[in-house]
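Novice: sequence first, then the predicted structure:
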Amino acid sequence: MNIPFKKSPIELNAALLSPSNIFDLLPDDHECFVYSDLFDQLDTAAIEKLYSDKGQHAYHPKLIVLILIYAYSRGTFSSREIERRCKEDISFMFIVQMGCPNFRVLSDFRKDHIEFFCHKLCCIILNSRVAELLQPLPLVLLRRVFQKYAPDAC
């Protein structure tokens, strides 16, 4: 007896006639789009002055701040876990613009610029548009961030 199971709608090994945008899989109202709008609003001029044009190109400080804030809003605090999610989670891929920084880049930025980062995090939390998204995030998590990374900075 041959059981008629559902067939997959796509052939995984077949080439597509036209490339599709992976981010079309996200719903139009996904919160990662709101966070990406923050990218233009972040002022990182103070930190950008600390970078040199010599050596390897660095990730833009706006991008690192945005990655960390988005990860924290999703309950992810470990730099290694953030890196993993940037490689596996479509919304994280959208935030990092398909360029996943190493966990050391994230942890070093957080360590080296903790006062700046906490200040930006506080400002963004107070932003009404983002505050609506962060409402489900328990304040306990945010307190944990400040206690762990900058008990005196904020």
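Specialist: On my side now, so go ahead.
Novice: going by C-alpha atoms from here, please, whenever you check contacts or count neighbours.
Specialist: Fine.
Novice: would you mark the buried spots in stretch 34-48?
Specialist: 35-36, 38, 42, 44 (16 or more other Cα atoms under 10 Å).
Novice: endpoints of it, how far apart?
Specialist: Its start and end residues considered, stretch 34-48 measures 24 Å (Cα to Cα, to the nearest Å).
Novice: per-residue confidence averaged over it?
Specialist: Averaged over stretch 34-48, pLDDT sits at 76.
Novice: and for stretch 64-78?
Specialist: 85.
Novice: got it, and stretch 111-119?
Specialist: On average, stretch 111-119 scores 79.
Novice: on that earlier part again, tell me which of the buried residues of stretch 34-48 is nearest to residue 25?
Specialist: residue 36 (16.5 Å; Cα to Cα).
Novice: name the helix or strand for that closest one, please.
Specialist: Using DSSP states H and E, residue 36 sits within helix 31-41.
Novice: related to what we said a few turns ago, export the buried residues of stretch 34-48 to TSV and append columns for distance to residue 22.
Specialist: Output for these, formatted as TSV (distance: Cα to Cα, whole Å):
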residue	distance to residue 22
35	18
36	16
38	21
42	26
44	29
